[in-house]
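Novice: here's a sequence, model it:
(2 chains)
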Protein chains: 2
Amino acid sequence: MAATIRDNRIRGVLAPVLTPFDRDLLPDAKGFVAFSRVLLSLGIGLAPFGTTSEGNSLSVDERIMLLDALAAGGIDMSRVMPGTGTCAITETARLSAHATRLGCGGVLMLPPFYYKGVTDEGLFRAFSDVIQRVGDDALKIYLYHFPRQSQVPLSLPLIERLLKAYPGTVVGIKDSSGDFANMAAMRKAFPGFDVFTGSEAHLLKMMRMGGAGVISANANVNGAAMVELVKRWREPDAEGLQEALTAFRVATQDFPLIAALKALMARATGDQHWRITRPPLVDLTIEAEDAMVKKLERAGFPV
Amino acid sequence: MAATIRDNRIRGVLAPVLTPFDRDLLPDAKGFVAFSRVLLSLGIGLAPFGTTSEGNSLSVDERIMLLDALAAGGIDMSRVMPGTGTCAITETARLSAHATRLGCGGVLMLPPFYYKGVTDEGLFRAFSDVIQRVGDDALKIYLYHFPRQSQVPLSLPLIERLLKAYPGTVVGIKDSSGDFANMAAMRKAFPGFDVFTGSEAHLLKMMRMGGAGVISANANVNGAAMVELVKRWREPDAEGLQEALTAFRVATQDFPLIAALKALMARATGDQHWRITRPPLVDLTIEAEDAMVKKLERAGFPV
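Specialist: Numbers count the residues shown, from 1 in each chain, chains lettered A, B, ... in the order given. Just a heads-up that it's a prediction; the model follows:
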């Protein structure tokens, strides 16, 4: 099983769950829980409030409301790893504490990302402060390294220092840098540290290297194929499964990804609300959608 | 008078008020109100929760608590322009509505800044949504253009569209780009639009051009000199006043500015709590402080 649990940790395939909005741009909790259930039924773990989820476009109160809805909806919270990193340590702590109390398997934590060019010392203090403010041994932090988006990279010396100071609390990372050498360096330097790639184009290499899995935008619409590769990565057909994953990714990557995935959700479900993005993002134009659909069809993925 | 009000608008000199923290890194409301009172007594308006205020390092609840403390402390709220721009339109709306209800003279609004490379259409929708959610004719928005920090620039076509759609609500801008040509272009293109420079090095040029004034980090410690220039910009000694402002700025600009200003506050007041910054920022090292003090002294500013 992918996205299942060994030693109580989440591994395998996780989707940064797309957030459905209503016409007033408010999150649709019912649709969110329903979609989360579909993902879990496919063996896909839940990483709500990631970049693809428009997580930072949600207020902390909205994120807490959605987490509560998952718990109330009977979702197995041990398979949920919400994004909780904000610009303010007190807000990050509040959200992380709430997620931990609900039994979430972990939290995916961006560094504070308003100030650029900050020091490792400052970032260490930020993560330390959040950990102490949460004050719960059940807290499990997955660092979120996404330098292009956050503009605040997480260095190997910083991670090493965090692992020494907070073993059992800082347990892994999602590396969305696209730099496979960085993921390999972390695997080598930090035994037992769970490295997730942010791109399924690296999934087979990650599995062969003992990586924890993948947390990728496309898992929202193509996650079952990723789960298949996580199950079969030792099999002779693994290369072919990887090629198909990469082909799908290549077919969508030239479009604004979040709007593109929401358009695909609208087409798959018939529910046009899925097209709604929260500003500053905008929905996909008809022209872009047509171009993407053609590209996907040419790549062997009729939609 | 600087920072006073003509046609009900804030003009002159505003300080992005430094936020005092206690040893638990929580904002010290009492110290914040006391310092705000000192600034006002010097003719300096208040722009709390700016970049220099570590505003985005505060939760929305903390910002609301501090605004309430100002109002409860009898501060003239018409001279307060708090930073309210967050990554989430619902949070920005909540904070802006609260500030407006308290009678704030305006709000200084960053665009949502997590996503980079967003479109003008997306930014227009974000500001529109906030304005509609606040739903209060008393709302006055000053756009906050700080491309180096936010990584989300505000283009002239976007500003033009906002001014057409929301006249009387979108009333000005703080331009922290350092690009004087951009400030001049806005003055020329948008009559009646209040342009504040983010750097006192441009203050005299701004006054001569009909600009609204300055909102600068250094106004926390050198604001009285800026007020003097705003009063006397037509006088023969204005160039000399400008040179002194620029010399002060040059003497501090090579140091991490927020920590540097807090060190100066600690020296001026004797209250060492002023040195505390919230992570990811760190306090100034003793070596850096010594170097800055020497530089200021050489420039004619004994501290």
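
Novice: the strands in the stretch 1-150 of chain A, which residues?
Specialist: Remark: strands assigned in the stretch 1-150 of chain A by DSSP state E, counting those that start in this stretch are A:5-6, A:9-10, A:12-15, A:45-46, A:107-109, A:141-145.

Novice: note down every partner strand of the longest one and its orientation.
Specialist: In other words, strand A:141-145. strand A:107-109 (parallel), strand A:170-175 (parallel) (DSSP bridges).

Novice: for the record, mean pLDDT for whichever helix or strand comes after the last one?
Specialist: Beyond strand A:170-175 on the C-terminal side, the first helix or strand identified by DSSP states H and E is helix A:180-189. Throughout helix A:180-189, pLDDT has a mean value of 97.

Novice: now the strands of the stretch 1-150 of chain A as TSV including mean pLDDT and mean neighbour count?
Specialist: The way it works is simple: take the backbone N, C-alpha and C, and place the C-beta from them, glycine included. Converted to TSV, the strands of the stretch 1-150 of chain A look like this (pLDDT from 0 to 100; neighbours: other C-beta atoms under 10 Å in any protein chain shown):
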stretch	mean pLDDT	mean neighbour count
strand A:5-6	48	12
strand A:9-10	93	22
strand A:12-15	98	30
strand A:45-46	98	29
strand A:107-109	98	28
strand A:141-145	98	26
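
Novice: looking at these, which is nearest to A:Ala72?
Specialist: Closest approach to A:Ala72 among the strands of the stretch 1-150 of chain A is made by strand A:45-46 (14.8 Å; C-beta to C-beta).

Novice: wait, isn't A:Ser199 in contact with A:Gly178?
Specialist: Yes - in terms of C-beta atoms under 8 Å, A:Ser199 counts as a neighbour of A:Gly178; the distance is 6.1 Å.

Novice: look at those two and report which has more neighbours.
Specialist: A:Ser199 (22 against 15; other C-beta atoms under 10 Å in any protein chain shown).

Novice: Provide a list of residues in contact with the more buried one.
Specialist: A:Ser199 makes contact with A:Ser176, A:Gly178, A:Val214, A:Ser216, A:Arg249, according to C-beta atoms under 8 Å, 6 or more residues apart in numbering or on different chains.

Novice: over to A:Phe193?
Specialist: So A:Phe193 contacts A:Ile159, A:Leu163, A:Val171, A:Gly172, A:Ile173, A:Met186, A:Arg187 (C-beta under 8 Å, 6+ apart).

Novice: mind doing that once more with 7 Å?
Specialist: For A:Phe193, the contact set (C-beta atoms under 7 Å, 6 or more residues apart in numbering or on different chains) comprises A:Leu163, A:Gly172, A:Met186.

Novice: excluding chain neighbours, what is closest to the second one?
Specialist: This means A:Gly172. Of all residues not flanking A:Gly172 in the chain, A:Asp194 sits nearest, at 3.1 Å (C-beta to C-beta, 6 or more residues apart in numbering or on different chains).

Novice: ok, so of the contacts of A:Ser199, who is nearest B:Ala15?
Specialist: For the contacts of A:Ser199, the closest approach to B:Ala15 (C-beta to C-beta) belongs to A:Ser176, at 37.8 Å.

Novice: mind checking how far the spatially closest residue to that closest one that is not a sequence neighbour is from A:Arg148?
Specialist: Leaving out its chain neighbours, the residue that sits closest to A:Ser176 by C-beta to C-beta, 6+ apart is A:Gly198, at 3.1 Å. Distance from A:Gly198 to A:Arg148, counting by C-beta to C-beta, to the nearest Å: 10 Å.

Novice: look at the two and report which has more neighbours.
Specialist: Each of A:Gly198 and A:Arg148 has its neighbours counted (other C-beta under 10 Å); A:Gly198 has more, 24 against 11.

Novice: can you read off the pLDDT for the more buried one?
Specialist: On pLDDT, A:Gly198 comes in at 97.
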